[in-house]
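Enquirer: sharing a model prediction with you, sequence too.
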Amino acid sequence: MLELLRQPWHCLVAGILIGLTVPLLLLLGNKKFGVSSSLRHICAACFPANIPYFKYDWKKQIWNLFFVTGILIGAFLAAHYLSNPNDVVVADSTKLSLAKFGITDYSRLMPQQIFNVHNIFTLKGLFFFVTGGFLVGFGTRYAGGCTSGHSIMGLSNLQMPSLIATCCFMIGGFLSANILLPLFFKLF
């Protein structure tokens, strides 16, 4: 049975499960799907009296912390017990494009030439991980939620701000992947 689970799954399985999460959360108490607000709940639990932004009843949203904990546990279990032992399949044209940036290792899901502990302490790592992480966090708060909150929950509720945010996420992703990322790889 475990070997069957280790085989690559079709992407529709995850799509259907995520799609079923939205109505399930609504039926279970009008709860909204999103992950970025969990950091605020964690900070409110740790620093309740110090910062006015964290002065609210975070205990009403404690289910969200269990949800995120489940995501982390599920990711750990999937990575250690259900991961596909085969190398990641990458198209030849993509390999040629990535080789220009020094990415040649396809043995793992994330290229080890970029995503490793040693890169964190380089100029490239500082820029990509620290600056990129800050920009993602800032953008998430500025947009009033993350991609999962807007693109999954907000669009399913026909929210116009979520449509605008999702369009901006997509445009930003296309620009980053096709213009900014190649430019930064040349600089670093």
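Expert: Now that the structure is in, tell me what you want to look at. Everything numeric here is computed off the predicted structure, so don't read it as measured data. Numbers count the residues shown, from 1 in each chain.
Enquirer: quick one: the residue lying farthest from the centre of the chain from residue 154, how far?
Expert: Computed with CA atoms, centre = their mean, the residue of the chain farthest from its C-alpha average is residue 49, at 29.7 Å. Separation of residue 49 from residue 154 (CB to CB, to the nearest Å) stands at 32 Å. C-betas here are computed from N, CA, C, even on glycine.
Enquirer: after the worst-scoring helix or strand of the chain on mean pLDDT comes which helix or strand?
Expert: Taking mean pLDDT, DSSP states H and E as the measure, the helix or strand of the chain with the lowest value is helix 2-6, at a mean of 67. Sequence order places helix 11-27 as the next helix or strand after helix 2-6, per DSSP states H and E.
Enquirer: quick one: residues in contact with that next one.
Expert: Applying CB atoms under 8 Å, 6 or more residues apart in numbering, the contact partners of helix 11-27 are 31, 32, 33, 152, 153, 156.
Enquirer: pLDDT score assigned to residue 117?
Expert: Note on residue 117: pLDDT of 83.
Enquirer: now do the contacts for it.
Expert: By CB under 8 Å, 6+ apart, the contact list for residue 117 is empty.
Enquirer: phi, psi for it please.
Expert: When quoted as degrees, to the nearest 10, the phi and psi of residue 117 stand at phi -60, psi -40.
Enquirer: check the gap between it and residue 19 for me.
Expert: 36 Å.
Enquirer: swap in residue 123?
Expert: 41 Å.
Enquirer: compare the two (neighbour count), which wins?
Expert: Taking neighbours as other CB atoms under 10 Å, residue 123 and residue 19 compare with residue 19 leading, 13 against 10.
Enquirer: pretty sure residue 188 is touching residue 123, no?
Expert: Yes: with contacts counted by CB atoms under 8 Å, residue 188 reaches residue 123, the gap being 6.2 Å.
Enquirer: any residues in contact with both of those two?
Expert: In contact with both residue 188 and residue 123: no residue, using CB under 8 Å, 6+ apart.
Enquirer: what about residue 89, which SS state?
Expert: State at residue 89, reduced to three classes by DSSP: H, G, I helix; E, B strand; the rest coil: coil.
Enquirer: ok, now how distant is the closest residue to it other than its chain neighbours from residue 184?
Expert: Once flanking residues are discounted, residue 89 sits nearest to residue 106: 7.9 Å by CB to CB, 6 or more residues apart in numbering. According to CB to CB, residue 106 and residue 184 sit 21 Å apart.
Enquirer: ditto for residue 33
Expert: From residue 33 to residue 184 the distance is 32 Å (CB to CB).
Enquirer: now do residue 168
Expert: For residue 168, the distance to residue 184 equals 20 Å [CB to CB].
Enquirer: check residue 87 too.
Expert: Distance, residue 87 to residue 184, by CB to CB: 26 Å.
Enquirer: okay, the two: which has more neighbours?
Expert: More crowded of residue 87 and residue 184, by other CB under 10 Å: residue 184, with 15 against 10.
Enquirer: perfect, that will be all.
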